[in-house]
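Q: Dropping the sequence and predicted coords here.
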Amino acid sequence: MSDQKKTAISTKEAPAAIGPYSQAVRVGDMLFASGQVGLEPATGQMVAGGITEQTVRALENVKAVLAQAGLDLSHVVKTTVFLKTMGDFAAMNEIYAKYLAPEGVVAPARSTVAAAGLPKDALVEIEVIAKDGA
């Protein structure tokens, strides 16, 4: 068994954890990030608008957590997207593609599910797993 220790990653550039969890945890060259919703880090309030605005903010929050760990979106190998309603899939997917699957980039593996309820009544929550050197 490996001696790789678990290290918490935290940044003020993404919403603070509001419970007993870390924004992300690094173990070796892997980063496991908690889900991000469309909260503005400075105010703790949900961004104005709908699924498009919340998806952009959630992904900007993900980017901030990754940056704190010295990574970026190109290191993401797996995502899980939670939607309040699958009716928002196309709009979320359009924004998601710009961030995580631009031309020439290998898109991460992804699961997308509808959830009965998300934190702060969010329309979308996105969590990622990233690998340094990916």
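A: Yep, it's here.

Q: Next, count neighbours for the nearest residue to Gln4 once chain neighbours are set aside.
A: Among residues not flanking Gln4 along the chain, Gly28 sits closest, at 4.1 Å (Cβ to Cβ, 6 or more residues apart in numbering). (C-beta placed from N, C-alpha, C; glycine too.) A count of neighbours around Gly28, defined by other Cβ atoms under 10 Å, yields 13.

Q: just Val37 next, same as before
A: If you count neighbours by other Cβ under 10 Å, Val37 ends up with 22.

Q: cool, the one 5 residues further on as well?
A: By other Cβ under 10 Å, 9 other residues sit near Ala42.

Q: Wasn't it part of a helix?
A: No. According to DSSP: H, G, I helix; E, B strand; the rest coil, the state of Ala42 is coil, so it is not within a helix.

Q: can you pull the pLDDT of it?
A: Each residue has a pLDDT score; the one for Ala42 is 92.

Q: And for Met1?
A: pLDDT, Met1: 46.

Q: ok, now Ile9?
A: At Ile9, pLDDT is 97.

Q: Gly19 now?
A: pLDDT for Gly19: 88.

Q: just Asp132 next, same as before
A: 93.

Q: in this structure, which spans are helices?
A: For the chain, the helices defined by DSSP state H cover 51-68, 89-100.

Q: any chance of those in CSV, with distance to Leu118 and mean pLDDT too?
A: Shown next, in CSV, are those (distance: least, Cβ to Cβ, whole Å; pLDDT from 0 to 100):
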stretch, distance to Leu118, mean pLDDT
helix 51-68, 10, 98
helix 89-100, 13, 98
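
Q: deepest of those, which one?
A: Stretch with highest mean neighbour count among the helices of the chain: helix 51-68 (a mean of 21; mean count of other Cβ atoms under 10 Å).

Q: Test my guess that Tyr99 contacts Leu73.
A: Yes. If you go by Cβ atoms under 8 Å, Tyr99 and Leu73 touch, sitting 5.9 Å apart.

Q: any common contacting residues for these two?
A: Contact criterion Cβ atoms under 8 Å, 6 or more residues apart in numbering; residues shared by Tyr99 and Leu73: Leu59, Lys63.
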